[in-house]
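[1] Mind folding the following:
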Amino acid sequence: MGNKILIADDEKNIVELAKLYLERDGFSTVCAYDGEQALSVFEKEAPELIILDIMMPKIDGWQVCREIRKTSQIPIIMLTAKSDTFDKVLGLELGADDYMTKPFEPKELVARVKAVLRRTEPLEDTEKKVVSFPNLSINIENYELKINGETVEAPPKEIELLYFLAQNPNKVYTREQLLDKVWGFDYFGDSRTVDVHIKRLRQKLEAANESWQLKTVWGVGYKFEVK
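    Presented below is the predicted three-dimensional model:
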């Protein structure tokens, strides 16, 4: 069997449906039906990706995501019964890699699992893993962000976005290009995702150094400007 996937949802029919389609596509699966069980299975089984429902008994998906992000950068796809932008944005801010609104097509879930796993594959050894500027260091190998010499906690996608822009200083990218380069060409979200991540990064980088900045190019997109 291929990558091990943890499916955490209190609706057993959804778990069984996801399990059926994922295993049919060559994945192995483990299951959990509440938040406490999800954390326990995560610790015992060491899955390579988590499909995580938000509204679960005992501990909700938000808290499960927070707890996992304290120790692991494992890919997480959040499931929500709402289509509210708030739920989607909160999931991304907590460090989720993608989200889906229920009900969903099982084939689309499998496609998203494959897309997220591709995006989180280890970098080739030939790729530069650390980008540095005055008072800024981004290590993409261990997902460590340092500002003014201090380690700053940030979700994986924020680090990946900053790393990509800093690797290409003074080059302007549209939101669509950033979705393509950072999230992957088959990302199913919308361009507001980029805006959310840029806003959060600016809060962390504020007043770090006057020689560079994350700059909005109005009507186009964003760039990492080195003055």
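
[2] Helices along the protein, start to end?
    Using DSSP state H, the helices of the chain run over 12-24, 35-45, 61-69, 85-93, 106-119, 156-167, 175-178, 192-205.

[3] who wins for proximity to residue 139 among these?
    helix 156-167 (8.6 Å; Cβ to Cβ). Backbone N, C-alpha and C define where each C-beta goes, glycine included.

[4] so how far is the closest one off the chain centroid?
    12 Å (Cα atoms, centre = their mean, to the nearest Å).

[5] Could I get the CA-only coordinates of that helix as PDB?
    The C-alpha trace of helix 156-167 is given here as PDB (Å, rounded to 0.1, in the frame of the first residue of the first chain):
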ATOM      1  CA  PRO A 156       4.100  25.800   6.500                       C
ATOM      2  CA  LYS A 157       2.500  27.700   3.700                       C
ATOM      3  CA  GLU A 158       3.500  31.100   5.000                       C
ATOM      4  CA  ILE A 159       7.100  29.900   5.100                       C
ATOM      5  CA  GLU A 160       6.900  28.400   1.700                       C
ATOM      6  CA  LEU A 161       5.400  31.600   0.200                       C
ATOM      7  CA  LEU A 162       8.000  33.800   1.800                       C
ATOM      8  CA  TYR A 163      10.800  31.400   0.800                       C
ATOM      9  CA  PHE A 164       9.600  31.400  -2.800                       C
ATOM     10  CA  LEU A 165       9.300  35.200  -3.000                       C
ATOM     11  CA  ALA A 166      12.600  35.800  -1.300                       C
ATOM     12  CA  GLN A 167      14.300  33.300  -3.700                       C
END
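
[6] ok, and for it, which residues are buried?
    Across helix 156-167, burial judged by 16 or more other Cβ atoms under 10 Å covers 156, 157, 158, 159, 160, 161, 162, 163, 164, 165, 166.

[7] just to revisit the earlier point, highest average neighbour count across the helices of the chain?
    Of those, the one with the most neighbours on average (mean count of other Cβ atoms under 10 Å) is helix 156-167, at a mean of 21.

[8] so that one versus helix 61-69, what angle?
    60 degrees (axes from the mean of the first three to the mean of the last three Cα atoms, to 10 degrees).

[9] ok, residue 174 touching residue 220?
    Yes - counting by Cβ atoms under 8 Å, residue 174 touches residue 220, with 6.1 Å between them.

[10] Looking at these two, which is more packed in?
    residue 174 (15 against 12; other Cβ atoms under 10 Å).

[11] per-residue confidence for that one?
    Looking at residue 174, its pLDDT stands at 89.

[12] closest to residue 68 among the buried residues of helix 156-167?
    residue 156 (11.7 Å).
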